[in-house]
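Novice: Here's my sequence, what's the structure:
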Amino acid sequence: MKQRMLRALGLAVMPLALLAPAQADDASERARISRERAEAQARFEQRQRECAQRFAVTSCVEEARAEHRQALLQLRRQEGVLDEAQRKQRAAARLAAIEEKRRAEQERAALPRAQRDPAPLQLRTPSRQPAAAARPASAAASDAGAAAREQRKRTRFEARQRDAQLHRKEAERRSAERGSKGKAGSPLPDPAAR
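Specialist: Sure thing, here's the model as predicted:
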């Protein structure tokens, strides 16, 4: 039994190549860890089947679980080392890119303004001229749009005025009917009198 435990732990011992993950191929290390995890799972399942054949099943299964847990713990630690190395590499690459960008900005700032980017200044000047020529056309389109909006507003206003006039006449007619029946109502205020 002790031999099985030592053998299971011996297969999960961290290799020396993992101590320097920057030198080891990350993909091959992850593949190796995956293989070892599958092997540990297969060993655990085999141990469970062997334990089922014994009289004292519980202690045997608990022992198999402990071995399995230890093997997986070792593999998780190895993955953690790989992940940490990968994070450090990405952080170092990002810091190097930031430093390069800062250095380029300092060099650019050290140059006289005319020498910095003469091409972009030349490109900007011609692009402004067509934009200036296009402004009157866009202003005319904007004026036409404003005139159309004003016309729609005026049409809606006139429609509301007609509706109000019809409502006023209907109210006066109802009031006259009530007056003929003997019911006197107060007249509506005259909006033109304001």
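Novice: Of all the residues in stretch 61-74, which ones are buried?
Specialist: Residues 61, 64, 67-68, 71-72, 74 are the ones in stretch 61-74 that count as buried (16 or more other Cβ atoms under 10 Å). Every C-beta, even on glycine, is put in place using the N, C-alpha and C of the backbone.
Novice: of those, closest to Glu29?
Specialist: Gln74 (13.5 Å; Cβ to Cβ).
Novice: Which strand or helix spans that closest one?
Specialist: helix 57-110 (DSSP states H and E).
Novice: That helix packs against which elements?
Specialist: helix 2-11, helix 16-19, helix 26-52 (3 or more Cβ pairs under 8 Å, 6 or more residues apart in numbering; DSSP states H and E).
Novice: Any idea which of those helices has the lowest pLDDT on average?
Specialist: Confidence, taken as mean pLDDT, is least for helix 16-19 of the helices and strands packed on helix 57-110 (a mean of 42).
Novice: can the buried residues of stretch 61-74 go into JSON lines with extra columns for distance to Ala42?
Specialist: Shown next, in JSON lines, are the buried residues of stretch 61-74 (distance: Cβ to Cβ, whole Å):
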{"residue": "Val61", "distance to Ala42": "16"}
{"residue": "Ala64", "distance to Ala42": "12"}
{"residue": "Glu67", "distance to Ala42": "13"}
{"residue": "His68", "distance to Ala42": "10"}
{"residue": "Ala71", "distance to Ala42": "11"}
{"residue": "Leu72", "distance to Ala42": "13"}
{"residue": "Gln74", "distance to Ala42": "16"}
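Novice: Can you pull the poorly scored residue ranges out of the chain?
Specialist: 1-24, 114-140, 183-185, 194 (pLDDT under 70).
Novice: Could you export stretch 78-97 as CSV, keeping only the C-alpha atoms?
Specialist: Presented in CSV, the C-alpha positions along stretch 78-97 are these (Å, rounded to 0.1, in the frame of the first residue of the first chain):
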residue,chain,number,x,y,z
GLN,A,78,2.5,23.2,-11.3
GLU,A,79,-0.3,24.9,-13.3
GLY,A,80,-0.1,27.9,-10.9
VAL,A,81,3.6,28.2,-11.6
LEU,A,82,3.0,28.2,-15.3
ASP,A,83,0.1,30.7,-15.0
GLU,A,84,2.2,33.0,-12.9
ALA,A,85,5.1,32.9,-15.3
GLN,A,86,2.8,33.6,-18.2
ARG,A,87,1.3,36.6,-16.3
LYS,A,88,4.8,37.9,-15.6
GLN,A,89,5.8,37.6,-19.3
ARG,A,90,2.6,39.5,-20.4
ALA,A,91,3.3,42.2,-17.8
ALA,A,92,6.9,42.6,-18.8
ALA,A,93,5.9,42.8,-22.5
ARG,A,94,3.3,45.4,-21.7
LEU,A,95,5.8,47.5,-19.6
ALA,A,96,8.3,47.3,-22.4
ALA,A,97,5.7,48.5,-24.9
